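Engineer: for reference, the sequence and a predicted model appear below.
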Amino acid sequence: MTAHRVVVRPWLRVLGSLVVKDWLAITIGSRIYAWRPLTGVELEHELQHVRQWARHGWAFPLVYLADSWSARRKGKRWYHDNRFEQEAREVASRRTHTT
Ligand SMILES: [Zn+2]
């Protein structure tokens, strides 16, 4: 299991929605911030972001944003078509456990 810590704070929901509508969680380093407890699949998704942070270090936000930027330039969606999000979705969908 990837070393991580989940921090659940309901008030984060309002704060985060100012930036991304319908958001659920954000991973910073090995910490996962969410406004409600995550299901198994949702946790797996965020754990992949923990691994991405470990792989790229503090350059991760930059490479993430660069990938979103290049997706946008190709006329794709900055979030959905970001390769780090695609990878996290793939990993999460491979895990079968729920809640
Ligand atoms: Zn994600």
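Structural biologist: Right, received. Where do you want to start?

Engineer: which positions in the protein make contact with the ion?
Structural biologist: 85, 88 (Cβ under 5 Å from the ion). (Glycine included, C-beta is placed from N, CA and C.)

Engineer: how does it look with 6 Å?
Structural biologist: With Cβ under 6 Å from the ion as the criterion, the chain meets the ion at residues 45, 49, 85, 88.

Engineer: reformat the residues you listed as JSON lines; add neighbour count and secondary structure.
Structural biologist: Converted to JSON lines, the residues of the chain next to the ion look like this (neighbours: other Cβ atoms under 10 Å; DSSP: H, G, I helix; E, B strand; the rest coil):
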{"residue": "45", "neighbour count": "24", "secondary structure": "helix"}
{"residue": "49", "neighbour count": "25", "secondary structure": "helix"}
{"residue": "85", "neighbour count": "21", "secondary structure": "helix"}
{"residue": "88", "neighbour count": "21", "secondary structure": "helix"}
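
Engineer: out of the residues you listed, which comes closest to residue 58?
Structural biologist: For those, the minimum distance to residue 58 (Cβ to Cβ) is 13.9 Å, reached by residue 49.

Engineer: so what's that closest one closest to, chain neighbours aside?
Structural biologist: Nearest residue to residue 49, sequence neighbours excluded (Cβ to Cβ, 6 or more residues apart in numbering): residue 27, at 3.8 Å.

Engineer: again with residue 85
Structural biologist: Spatial nearest neighbour of residue 85, chain neighbours left out: residue 79 (6.1 Å); criterion: Cβ to Cβ, 6+ apart.

Engineer: okay then, goodbye and thanks.
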